[in-house]
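Peer 1: give me a 3D structure for the following:
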Amino acid sequence: MNLSKELARILKEKNLTISVVESCTGGLIQKLITDNPGSSEYFLGGVVAYSNKLKEKLIGVKRSTLLKYGAVSKETSVELANGITKITGSSIGISTTGIAGPGGGTKDKPVGLVYIGIRINKKITFYKYIFKGTREQIRKQTAEEGLKKVIEMLNFGV
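Peer 2: Below is the predicted model of the structure:
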């Protein structure tokens, strides 16, 4: 199944819009969504927010969240998803934050640790993963899993 085409079909069918804020995936989710002709019908836009400053100033992640939990955390992923939907007015917001490697990991936050935040209407949730592989593989797995989770949530009545 082509995830972005399936997501496009559901979004059009349900008359929903989506926006994205990405850190570790560097725009890959936005690329997958916009690979489909006509994506402007449901994709409102997105941001690649790598720095904490941009996460805070542009998306609205609280400085206290970044200081207490760090950029790679469930709390940050939720605030990112919440922030992008507020900025764009979309029905759905997806966020990614994680450590794609090959460096940057620690004992508590290893390479491959990723959080995906999803807001659909007013319901906000997050998913935690520890993916294995190269930087490219971790980014791809994250992007695909983000699309899969939105599809699942929309198919099961969220």
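Peer 1: low-confidence ranges in this structure?
Peer 2: Where the chain drops to pLDDT under 70, the residues are 157-158.
Peer 1: residue boundaries of the helices in it?
Peer 2: Assignment of helices within the chain using DSSP state H yields the ranges 3-14, 28-34, 52-54, 63-69, 74-88, 135-155.
Peer 1: nearest to residue 105, of those?
Peer 2: For these, proximity to residue 105 was assessed by Cβ to Cβ; helix 135-155 is nearest, at 10.8 Å. In short, each C-beta sits where N, CA and C put it, glycine included.
Peer 1: residues contacting residue 95?
Peer 2: Residue 95 makes contacts with 20-23, 77-78, 80-81, 84, 115-118, as judged by Cβ atoms under 8 Å, 6 or more residues apart in numbering.
Peer 1: which residue sits closest to the residue nearest the centre of the chain, ignoring its sequence neighbours?
Peer 2: Central residue of the chain (Cα atoms, centre = their mean): residue 95, 2.3 Å from the mean position. Counting by Cβ to Cβ, 6 or more residues apart in numbering, residue 95 lies nearest to residue 80, which is 3.4 Å off, once chain neighbours are set aside.
Peer 1: what's the burial count for the one you found?
Peer 2: Residues contacting residue 80 under the criterion other Cβ atoms under 10 Å number 32.
Peer 1: do the same with residue 156
Peer 2: 7.
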